[in-house]
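K.L.:
Let me see the structure of the following:
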Amino acid sequence: MVHKSALKKEDGHPYNNERLEYLGDAVLDLLVADVLYEKYKDKDEGFLSSMRGHIVSRKSLNAIAMEIGIGDRLVVNGIVSADKTHLPGDALEAFVGAIYLDSGLRRAKRFVRKYVVNDKVLSVMERESEDYKSLILQWSQKAKENVRFDSQEMGKNQDGTLIFVSRIIKENGEVIGEGTGASKKEAEQRAAEKAFREVKVVVGNYDFMP
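P.N.:
Reported below is the predicted structural model:
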């Protein structure tokens, strides 16, 4: 829970959570991927990667860390406002790293399942990951920004499977998203995901930010 700004020392040597954060980041990526792989047996790599990306994003980890009380336990320099930075999320990663070191991967996975990849988190992330194309189209109507999808077959992979490329183009010709995939639908979804991160998207009760 100790950030380097606190300038804490032990036996004359500075200590903070940066090394644990480094380890926890890798452990968290593995465990989130593992949980998603088990839960979504019928989903492809694109969906799983998108879900993992949302879950381990700074915004998501900060929110989770603040909700479970890590933000209140941070030791930081008084000038730093923890709730307005990525520090809570960083400390959450460090905490996962500490659990892994003390109790092993199985105990760390139990923690991740309970707090990081629980049903509440997944229900929100599914909305963001499942259908970016629909979200972009809803945003375009709300923001009065006409967009079109330009999707074409680009060629074949070495194994003979087709490759499609899709671009999302605004009325003024600006390309706001581009993606490739093994199908037109997959390419459009990946292009929409990139576009989604380039603009502020407000749909329904959700305020989606890059």
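K.L.:
Ignoring the adjacent residues along the chain, who's closest to residue 98?
P.N.:
Excluding its sequence neighbours, the residue lying closest to residue 98 (Cβ to Cβ, 6 or more residues apart in numbering) is residue 20, at 5.6 Å. C-beta coordinates here come from the backbone N, C-alpha and C atoms, glycine included.
K.L.:
Using the three-state scheme, assign that neighbour.
P.N.:
Secondary structure, DSSP: H, G, I helix; E, B strand; the rest coil: residue 20 is helix.
K.L.:
if I pick it, what's in contact with it?
P.N.:
Counting by Cβ atoms under 8 Å, 6 or more residues apart in numbering, residue 20 makes contact with 93-95, 97-98, 101.
K.L.:
Among the residues you listed, which lie within strands?
P.N.:
Nothing among these maps onto strands, per DSSP state E.
K.L.:
Derive a ChimeraX selection command for the buried subset of these.
P.N.:
Buried residues within those, by 16 or more other Cβ atoms under 10 Å, are selected in ChimeraX with:
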select :93,94,95,97,98
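K.L.:
Just the ones in helices from the contacts of residue 20, please.
P.N.:
In this view, those that belong to helices under DSSP state H are 93-95, 97-98, 101.
K.L.:
and residue 126, which of the three is it?
P.N.:
helix.
K.L.:
what's the distance between the most centrally placed residue in the chain and residue 119?
P.N.:
Taking Cα atoms, centre = their mean, the centroid of the chain lies closest to residue 54, which sits 2.2 Å from it. Separation of residue 54 from residue 119 (Cβ to Cβ, to the nearest Å): 15 Å.
K.L.:
And the strands in this protein?
P.N.:
9-10, 13-14, 147-156, 162-170, 175-181, 201-203, 206-208.
K.L.:
what would the ones you listed look like in TSV with mean neighbour count?
P.N.:
Rendered in TSV, the data for those read as follows (neighbours: other Cβ atoms under 10 Å):
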stretch	mean neighbour count
strand 9-10	8
strand 13-14	9
strand 147-156	13
strand 162-170	19
strand 175-181	18
strand 201-203	18
strand 206-208	12
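K.L.:
Kindly reformat these as JSON lines containing mean pLDDT and distance to residue 123.
P.N.:
Converted to JSON lines, the strands of the chain look like this (pLDDT from 0 to 100; distance: least, Cβ to Cβ, whole Å):
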{"stretch": "strand 9-10", "mean pLDDT": "72", "distance to residue 123": "42"}
{"stretch": "strand 13-14", "mean pLDDT": "72", "distance to residue 123": "41"}
{"stretch": "strand 147-156", "mean pLDDT": "90", "distance to residue 123": "27"}
{"stretch": "strand 162-170", "mean pLDDT": "91", "distance to residue 123": "26"}
{"stretch": "strand 175-181", "mean pLDDT": "89", "distance to residue 123": "25"}
{"stretch": "strand 201-203", "mean pLDDT": "44", "distance to residue 123": "15"}
{"stretch": "strand 206-208", "mean pLDDT": "42", "distance to residue 123": "12"}
